[in-house]
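Peer 1: structural data only, the sequence is not supplied:
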């Protein structure tokens, strides 16, 4: 399926980002306006345009947060996180020594962390011990009732996914259905 791009990888990744719209991980208008600025098949153009969009949305979220518009700030931070990680950073690993990989990825984590603090209840940062290592994660609670027993859904992703995007790909749906995640 071609979506904006003739390059099938670009079309797929754009569709993947747009697919996060339902739970606030993207905005279709922002995605399409970004995509139409990208030179088809050009990973540098992909990076630059998604970074511009991510930075603009992040700046908007910062403004909203500074004036007390917490819902708008949370929504902006969530989208910025997605745009940094699934947009700008996605093709950087073509060159594993690219110095932009870590800072771009970290900006996505930072954006998500700021959003996480604006959830009610706030999303908890956790560490999961597994076979001698520690895996970072997030714990999403349905509400603040610590005495209520609730089923918990455990979500994981693969190599090209992030723990932050798991909110859009399962945690949000779990919360809406009364599950912790």
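Peer 2: That came through fine. Predicted model, so just to flag it, every value in this text is computed and none were measured.

Peer 1: what residues does stretch 120-127 touch?
Peer 2: Residues outside stretch 120-127 that contact it (CB atoms under 8 Å, 6 or more residues apart in numbering): 113, 115-117, 134-141, 143-144, 167. Placement of C-beta: from N, CA and C, glycine included.

Peer 1: rerun that using 6 Å as the cut-off
Peer 2: The contact list for stretch 120-127, computed with CB atoms under 6 Å, 6 or more residues apart in numbering, reads 116, 134, 137-141, 144.

Peer 1: and stretch 146-163, how far out from the chain's middle?
Peer 2: How far stretch 146-163 lies from its chain's middle: 15 Å, per CA atoms, centre = their mean, to the nearest Å.

Peer 1: which outside residues touch that stretch?
Peer 2: 85, 137, 142, 166, 170, 174, 179-181.

Peer 1: recalculate using a threshold of 8 Å.
Peer 2: Here stretch 146-163 makes contact (CB under 8 Å, 6+ apart) with 85-86, 90, 105, 108-109, 136-138, 141-142, 165-166, 169-171, 174, 178-181.

Peer 1: now the buried members of those residues.
Peer 2: Buried subset of the contacts of stretch 146-163 (neighbour count, 16 or more other CB atoms under 10 Å): 85-86, 90, 105, 108-109, 137-138, 141-142, 165-166, 169-171, 174, 179-181.

Peer 1: ok, now which ones touch the residue nearest to residue 24 when sequence neighbours are not counted?
Peer 2: Spatial nearest neighbour of residue 24, chain neighbours left out: residue 78 (5.0 Å); criterion: CB to CB, 6 or more residues apart in numbering. Contact analysis of residue 78 by CB under 8 Å, 6+ apart lists 24-25, 111-112, 115, 167-168.
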